[in-house]
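Colleague: curious how this folds, go ahead:
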Amino acid sequence: RLYLGALAPWPVRASEAESLLASATLKDLAETSFLDALSKTVEKTIPGRASMPYKRQAVKGLGSHLWESLLEVTL
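Modeller: Here you go, the predicted model:
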């Protein structure tokens, strides 16, 4: 399971990104697809908040670090 914090008073599940990770191997999945899914979760969760554009980009940075860690573990 994959959750994002700092978006709401409780962690928000990133279901779309989870589904991508569960449905394909990392070799078959593009990092950009994973990062876009994380970004969409931010957009859906806080659409009207002034910090949304920043958090949408920030989650991509964190997601990229996670992606690198996953590659290290699976290869």
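Colleague: quick check, Val12 in contact with Tyr3.
Modeller: Yes - counting by C-beta atoms under 8 Å, Val12 does reach Tyr3; the two are 6.4 Å apart. C-beta coordinates here come from the backbone N, C-alpha and C atoms, glycine included.
Colleague: can you map out the strands along this structure?
Modeller: All strands of the chain, identified by DSSP state E, fall at 3-4, 12-13.
Colleague: ok, back up a step: who has more neighbours out of Val12 and Tyr3?
Modeller: Val12 (17 against 13; other C-beta atoms under 10 Å).
Colleague: specify the beta-bridge partners of that one.
Modeller: Leu4 (DSSP bridges).
Colleague: roughly how far does it sit from Asp28?
Modeller: Per C-beta to C-beta, to the nearest Å, Val12 is found 26 Å from Asp28.
Colleague: same check, this time on Pro9
Modeller: 36 Å.
Colleague: who's more crowded, the two?
Modeller: Asp28 (7 against 4).
Colleague: for the more buried one, give me phi and psi.
Modeller: Backbone torsions of Asp28, given as degrees, to the nearest 10, read phi -80, psi -20.
Colleague: which residue is the nearest non-sequential neighbour of Ser19?
Modeller: Ala37 (8.0 Å; C-beta to C-beta, 6 or more residues apart in numbering).
Colleague: hang on, that neighbour packs against Ala17?
Modeller: Yes - at 4.0 Å, Ala37 counts as touching Ala17 under the criterion of C-beta under 8 Å.
Colleague: of these two, who's got more company?
Modeller: Between Ala37 and Ala17, counted using other C-beta under 10 Å, the more crowded position is Ala17 (23 against 20).
Colleague: tell me how far the more buried one lies from Val73.
Modeller: Distance from Ala17 to Val73, by C-beta to C-beta: 17 Å.
Colleague: so who does the closest residue in space to Lys55 that isn't next to it in sequence touch?
Modeller: Using C-beta to C-beta, 6+ apart and skipping the chain neighbours, the partner closest in space to Lys55 is Val42 (5.1 Å). By C-beta atoms under 8 Å, 6 or more residues apart in numbering, Val42 lies in contact with 4, 7, 52, 55-56, 59.
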